[in-house]
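*Asks:* just need the structure, nothing else, for what follows:
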Amino acid sequence: MNKGTDISKERLEYLFKALTENTISKEELEELAACSRILKDDEVFHSSVKEIWNNVSVKPEEDILDSELVYENIISDSRFQKANPKRKIFVFNGKVFLRYAAVLLLTAGVGLWFYVNKPETGPEKGQQLIAVKKDSGTEDAKAVMLTLADGSQIALDKVSNGVLTVQGDSKVEHQDGQITYQDGVGLGLGGGKALENTVTTPRGADFKIVLPDGTKVWLNTMSSLSYPVMFNGKERKVRVNGEAYFEVAKNPHKPFIVEANGTEVSVLGTHFNVNAYSNENAVKTTLIEGAVKVTNHTKSVLLKPGEQSTASLSKNDIKVSTVDTEETLAWKNGYFLFNDENITTVMRTIARWYDITVEYDGNIDGKTFGGTISRFEDIEQLLKSIEMTGAIRFKLMPATSGKERRVIVMP
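*Replies:* I've put the predicted structure just below:
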């Protein structure tokens with residue numbers, strides 16, 4: 001499909017299969033409807049839909065239906081009626097549902113969600129919401145994963161460039177290793193509810209997200225970012241687990257707040273880094289540009305550029321120090337930079353990026369390492385580079401059944 005305007009083929013096939021099997025959730029149906037509206041003039045999209053439809057096992061009884069009639073029937077659904085109380089309720093049932101389902105994708109006028117009438121359950125139980133279906137085919141621990149508001153997932157490593165999906169009134173696009181949210185292009189069917197997406201990175205991967213307000217976020221390895229698909233209300237709030245670098249779009253009327261392991265970072269528009277991995281004993285916030293306020297329980301500090309706050313996870317304490325920001329942002333720029341770090345800290349950082357576990361054999365107290373190494377270096381070469389300093393020795397053990405590769409650290 002056309003670059004920059006297409007929903008990913010994989011996502012479309014998943015949604016269409018769920019639609020024809022009557023397992024699609026209301027959020028997924030809204031997503032499918034909104035995508036077809038956006039791409040109503042894209043002939044490649046239409047041909048792809050027809051190709052997928054020809055391959056499904058269930059076919060509609062009619063190929064063509066009046067689109068205005070379809071639209072009127074869809075918007076008469078009881079859930080749509082809550083927002084439009086003057087409309088009457090219309091219930092789809094049986095094969096009629098499949099005919100309208102086909103037209104849903106092939107016409108410009110599309111609606112919200114369906115009921116399926118199951119006669120064997122009786123009239124009162126017959127109107128049932130189509131069940132939520134998870135995208136189990138993308139449950140890959142080594143993929144960068146986008147989790148949508150309904151819980152379904154998209155493996156971002158495996159999709160082509162173009163429109164991934166529509167969430168509420170925001171279009172989600174994938175382009176060369178990043179996703180971007182664009183407001184005001186969907187159906188506007190969210191009804192004011194806060195739809196939330198989450199991006200999760202595995203070991204050995206990082207990822208860039210452009211949020212609906214234009215804020216850019218670089219997500220480090222083994223991290224996650226949860227955020228609303230539209231920033232309604234008086235603030236812009238996101239949650240981080242792991243490490244992320246933010247370039248926040250300025251908005252003096254709507255502060256941007258990052259929640260990370262009990263610590264909050266509040267800004268109006270600035271550049272900063274947050275390190276909040278669960279296996280570290282503190283949340284570190286490093287300010288690159290602008291100003292930020294860091295709060296931990298009841299204590300708060302204001303940071304200046306070049307300063308780093310260390311907020312303890314175990315007590316109400318925040319320490320501020322001046323740091324080398326180049327070291328802090330080394331991960332974002334593609335390398336490790338260690339400044340005489342304790343070897344256990346060094347190995348925690350390395351283990352998060354490479355698919356390894358670390359074991360210690362012997363006393364390594366007082367052992368440190370300093371240097372700069374590319375994050376794209378082969379693990380064997382990286383360990384050899386550290387060994388050349390004489391500080392430590394390593395033994396790399398190959399992966400075995402049920403176990404990852406192991407690095408044994410020895411004095």
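*Asks:* just list whatever residues bridge to Pro200.
*Replies:* To be clear, residue 200 is Thr; Pro isn't right here. Going by DSSP bridges, Thr200 is paired in beta bridges with Met145, Ser224.
*Asks:* please disregard the earlier target; I meant Lys319.
*Replies:* Beta-bridge pairing of Lys319 under DSSP bridges involves Thr310.
*Asks:* state the helix or strand in which the closest residue in space to Trp218 that isn't next to it in sequence lies.
*Replies:* Spatial nearest neighbour of Trp218, chain neighbours left out: Tyr245 (4.4 Å); criterion: Cβ to Cβ, 6 or more residues apart in numbering. Placement of C-beta: from N, CA and C, glycine included. Here Tyr245, judged by DSSP states H and E, is contained in strand 236-247.
*Asks:* direction included, what does that strand pair against?
*Replies:* In the sheet, strand 236-247 lines up with strand 216-219 (antiparallel), strand 224-228 (antiparallel), strand 256-260 (parallel), strand 271-276 (antiparallel) (DSSP bridges).
*Asks:* still on that earlier bit, the residue nearest to Trp218 and Ile288, how far apart?
*Replies:* Using Cβ to Cβ, to the nearest Å, Tyr245 is found at 8 Å from Ile288.
*Asks:* make JSON lines from the strands paired with strand 236-247 and add mean pLDDT and distance to Glu27 to it.
*Replies:* As requested, those are exported to JSON lines (pLDDT from 0 to 100; distance: least, Cβ to Cβ, whole Å):
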{"stretch": "strand 216-219", "mean pLDDT": "98", "distance to Glu27": "23"}
{"stretch": "strand 224-228", "mean pLDDT": "97", "distance to Glu27": "14"}
{"stretch": "strand 256-260", "mean pLDDT": "97", "distance to Glu27": "24"}
{"stretch": "strand 271-276", "mean pLDDT": "98", "distance to Glu27": "29"}
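*Asks:* out of the ones you listed, nearest to Gln167?
*Replies:* With Cβ to Cβ as the criterion, Gln167 lies closest to strand 224-228 of the strands paired with strand 236-247, at 9.4 Å.
*Asks:* got the buried residues for stretch 158-171?
*Replies:* Within stretch 158-171, the residues that count as buried by 16 or more other Cβ atoms under 10 Å are 159, 162-171.
*Asks:* what's the answer for stretch 390-401, then?
*Replies:* With the criterion 16+ other Cβ under 10 Å, stretch 390-401 contains buried residues 391-392, 394.
*Asks:* ok, now stretch 347-367?
*Replies:* Under the neighbour-count criterion of 16+ other Cβ under 10 Å, stretch 347-367 has 347, 349-354, 356, 358, 364 buried.
*Asks:* of the residues you listed, which belong to helices?
*Replies:* 347, 349-353 (DSSP state H).
*Asks:* farthest-apart pair in those, please.
*Replies:* In those, two members sit farther apart than any others by Cβ to Cβ. They are Met347 and Trp353, at 11.0 Å.
*Asks:* how is the protein partitioned into domains?
*Replies:* 9-129, 233-324, 334-410 (automatic domain parsing).
*Asks:* picking up where we left off before, can you list contacts of the strand holding Tyr245?
*Replies:* Strand 236-247 is contacted from outside by 201, 211, 213, 215-228, 251, 254-261, 267, 270-278, 329, 331-332, using Cβ atoms under 8 Å, 6 or more residues apart in numbering.
*Asks:* alpha carbons only: can I get stretch 198-215 in CSV?
*Replies:* What follows is stretch 198-215, C-alpha atoms only, in CSV (Å, rounded to 0.1, in the frame of the first residue of the first chain):
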residue,chain,number,x,y,z
THR,A,198,2.2,1.5,25.8
VAL,A,199,5.5,0.9,24.0
THR,A,200,7.8,-1.7,25.4
THR,A,201,11.4,-2.4,24.3
PRO,A,202,13.2,-5.8,24.8
ARG,A,203,16.9,-6.3,25.4
GLY,A,204,19.1,-5.0,22.7
ALA,A,205,16.6,-2.5,21.3
ASP,A,206,15.6,1.2,21.7
PHE,A,207,12.8,3.1,20.0
LYS,A,208,11.6,6.6,19.4
ILE,A,209,8.0,7.9,19.9
VAL,A,210,6.5,11.2,18.9
LEU,A,211,3.6,11.9,21.2
PRO,A,212,0.3,13.7,20.2
ASP,A,213,1.6,17.1,21.5
GLY,A,214,4.8,16.8,19.5
THR,A,215,7.0,15.7,22.4
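*Asks:* can you list the buried residues in that stretch?
*Replies:* Buried residues in stretch 198-215, counting neighbours by 16+ other Cβ under 10 Å, are found at 198-202, 204-215.
*Asks:* among those, name the ones in strands.
*Replies:* Among the buried residues of stretch 198-215, the ones falling in strands (DSSP state E) are 198-200, 207-210.
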